[in-house]
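In: sequence first, then the predicted structure, then my questions.
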Amino acid sequence: MKVTAMDIYKLLPKTNCGDCGEASCMAFATKLSEKETDLKLCTPLDPEGMEKLEKILAPAVREVKIGKGDKQVIIGGDEVLYRYELTYYNPTALVIDVHDELEESELEERIKIIENTEFERTGELLTLDAIAVRNKSGDKNKFIKTVSRLKNSIYPLILCTLDSDNMKAALEVVGDEKPLIYAATEKNLEEMGQLALDYQCPVALFVPGDLEKMKQLSHSLRSRGIKDIVLDPGTFVGEGMGDTLDNFVMIRRLAVEEKDEDFRFPIMGIPALMRLDNTDDPVTKGIKEATVAATMLNKYADILIFNGTDIWELIPVLTLRQGLFTDPRKPQTVDAGLYEFGDVNEDSPVLLTTNFALTYYTVEGDLKSGKANTYLLVLDTEGRAVDVSLAGGQLNGKSVADLIKETDIENKVNHKKMVIPGLAAPVSGEIEDDSGWEVAVGPRDSSAVPDYLLEKL
């Protein structure tokens, strides 16, 4: 059951002191229940109360931090199995691997591609999150050399070797950066666990296809005082993909529904393994890798390791992640108001749209690509698209008339003519009556707006 604001309020000091920045303890409790503030801001709270609240506020899946400072990425922290129940927190970390057998020029090129990969969508810049350094050669010196080169990367690191001696040597170079140790197994559990303690780094537990064994080893790590664990139950390629997803789902159910302490950790998937099939051409491998990554993303993966770096492969996964990790209760919005495109003057046309982010950025892109010179009125429809806000009543004559006054657009142009979206045609007369402006019904698709403006105006 989700912890309510009242559950939290009962454990707060109820002084209404305001030190937390809220007007009352109840307001602070509400913010805590929505993960919108920090419990440490409650200065009058005694240690016992702090401990109790930390316990009930702890998410079903522990948050694990990889890296530190500006290079830190946080994974885990989810509370529910299904996004519609609440929301998902801490977007899945997308990681690209490099290995220590790459030539220096190849390594430099790959690092450059990883660090420069970005994609803007609905006003948000989508990027990668970390780099996995693989000890492919098995050679300690080669591993150290590659790790040393990445010490100054803009991203946190995942150190990948099952050799505890090689891992220790790498940690001596970058251990202060708090990389993720990958991986502890049944054979090296003691050594890797000790390294995690010595360097205070998170550690991944790799137990392919055996959740009972994973529970035992997870319990062993926890009993040694290791709190930051990532679970890798194995990524099985081909026909084994169904088993992979079953394990992911079972781990998350054990964490959320059963509160099994040995499974309350983030899950790792490795779609890069799709690249192992030598019978496939590079494009097919990339498609398979992206498809498997998207499937894992939908089934609770908190961190994914890729091999491919082609933007056409990464964009679908980046876009899917963005959609999954938006709050379903809060539509993405932009600020309502008046926006200018191109060189505007008193003769420039005036367009209308809504403040749903996807609608706005689509219109913005079409106006910019079409080199339109126009004003754009953005109406606050509580983050709803044109047709939805029309049906819900947010897009109406009065709201548009109020927006005209608030933006003072009447003093910026020498006319009272407005172009509304084609889908808003049913309220054109209402807008004219309430605003006193002449309304023209524009195209249904904003891609046609630049041509419409040239032809009609």
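Out: Happy to help now that I have it. Quantities reported herein were computed from a predicted structural model and do not represent experimental measurements.
In: wait, what's in contact with the one residue sitting closest to the centre of the chain?
Out: With distances taken as C-alpha atoms, centre = their mean, the residue of the chain nearest its centroid is residue 91 (3.1 Å). If you count contacts by C-beta atoms under 8 Å, 6 or more residues apart in numbering, residue 91 has them with 321-322, 324-325. Placement of C-beta: from N, CA and C, glycine included.
In: also residue 75?
Out: Residues near residue 75 by C-beta under 8 Å, 6+ apart: 63-64, 66, 90, 92-93, 230, 266, 302-303.
In: list of residues touching stretch 211-223?
Out: Here stretch 211-223 has contacts from 184, 186, 189, 193, 196, 203, 205, 207, 229, 231, 233, 247, 250-251, 260-263, 265, using C-beta under 8 Å, 6+ apart.
In: recalculate using a threshold of 6 Å.
Out: 189, 193, 205, 207, 229, 262 (C-beta atoms under 6 Å, 6 or more residues apart in numbering).
In: these in helices, which ones?
Out: Judged by DSSP state H, the contacts of stretch 211-223 include 189, 193 as members of helices.
In: in PyMOL, how would I select just the buried ones from the contacts of stretch 211-223?
Out: To isolate the buried ones among those in PyMOL, judged by 16 or more other C-beta atoms under 10 Å, type:
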select buried, resi 189+193+205+207+229+262
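In: burial check on residue 86, number of neighbours?
Out: 17 (other C-beta atoms under 10 Å).
In: now it: how far from residue 257?
Out: As judged by C-beta to C-beta, to the nearest Å, residue 86 and residue 257 stand 14 Å apart.
In: what does residue 272 give?
Out: Using C-beta to C-beta, residue 272 is found at 30 Å from residue 257.
In: so these two - more neighbours on which side?
Out: residue 272 (22 against 11).
In: need phi/psi at the more buried one.
Out: Main-chain dihedrals, residue 272, degrees, to the nearest 10: phi -60, psi -20.
In: leaving out chain neighbours, which residue sits closest to it?
Out: residue 307 (3.8 Å; C-beta to C-beta, 6 or more residues apart in numbering).
In: again, but for residue 262
Out: Residue 262 sits nearest to residue 218 (C-beta to C-beta, 6+ apart), 4.1 Å away.
In: next one, pLDDT for the one you found please.
Out: As predicted, residue 218 sits at a pLDDT of 98.
In: SS state for it?
Out: The local conformation at residue 218, judged by DSSP: H, G, I helix; E, B strand; the rest coil, is helix.
In: the one 4 residues further on now?
Out: Applying three-state DSSP to residue 222 yields a three-state assignment of helix.
In: contacts only, for residue 297.
Out: Counting by C-beta under 6 Å, 6+ apart, residue 297 touches 92, 320.
In: the same query, at a cut-off of 7 Å, please.
Out: The contact partners of residue 297, by C-beta atoms under 7 Å, 6 or more residues apart in numbering, come to 92, 304, 317, 320-321, 324.
In: distance check, it against residue 361.
Out: Per C-beta to C-beta, residue 297 is found 22 Å from residue 361.
In: picking up where we left off before, what's the most distant pair in the contacts of residue 91?
Out: Greatest spacing in the contacts of residue 91, by C-beta to C-beta: 322 and 324 (7.5 Å).
In: using PDB, write down the CA coordinates of stretch 255-267.
Out: C-alpha atoms of stretch 255-267 as PDB (Å, rounded to 0.1, in the frame of the first residue of the first chain):
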ATOM      1  CA  ALA A 255      10.200  -6.500  -4.400                       C
ATOM      2  CA  VAL A 256       7.000  -4.600  -4.700                       C
ATOM      3  CA  GLU A 257       4.300  -7.100  -3.600                       C
ATOM      4  CA  GLU A 258       6.300  -9.400  -1.200                       C
ATOM      5  CA  LYS A 259       8.800  -6.800   0.100                       C
ATOM      6  CA  ASP A 260      11.400  -9.500  -0.100                       C
ATOM      7  CA  GLU A 261      14.600  -7.700   1.100                       C
ATOM      8  CA  ASP A 262      16.900  -9.800  -1.100                       C
ATOM      9  CA  PHE A 263      15.200  -8.600  -4.300                       C
ATOM     10  CA  ARG A 264      14.500  -4.900  -3.500                       C
ATOM     11  CA  PHE A 265      17.200  -3.700  -5.900                       C
ATOM     12  CA  PRO A 266      17.400  -2.400  -9.400                       C
ATOM     13  CA  ILE A 267      17.500  -4.800 -12.300                       C
END
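In: got the contact list for that stretch?
Out: 60-62, 64, 75-76, 80-81, 215, 218-219, 222, 229-231, 248, 251-252, 254, 300-303.
In: make it 6 Å
Out: 60-62, 64, 75-76, 81, 215, 218-219, 229-231, 248, 251, 254, 300-302.
In: which segments of the chain make up each domain?
Out: 5-57, 64-324, 337-456 (automatic domain parsing).
In: which among those is found nearest to residue 331?
Out: domain 337-456 (2.9 Å).
In: what's the end-to-end length of the closest one?
Out: 25 Å (C-alpha to C-alpha, to the nearest Å).
In: same check, this time on stretch 441-455
Out: Its first and final residues considered, stretch 441-455 spans 14 Å by C-alpha to C-alpha.
In: ok, how many other residues are close to the nearest residue to residue 46 once chain neighbours are set aside?
Out: Among residues not flanking residue 46 along the chain, residue 13 sits closest, at 7.8 Å (C-beta to C-beta, 6+ apart). Using other C-beta under 10 Å, the number of residues around residue 13 comes to 13.
In: what helix or strand does residue 13 sit in?
Out: Assigned by DSSP states H and E, residue 13 belongs to no helix or strand.
In: right, and it touches residue 43 too?
Out: No - the criterion here is C-beta atoms under 6 Å, and residue 13 misses it with residue 43 at 9.2 Å.
In: show me where the stretch 351-457 of the chain has strands.
Out: 374-379, 417-420, 438-441 (DSSP state E, counting those that start in this stretch).
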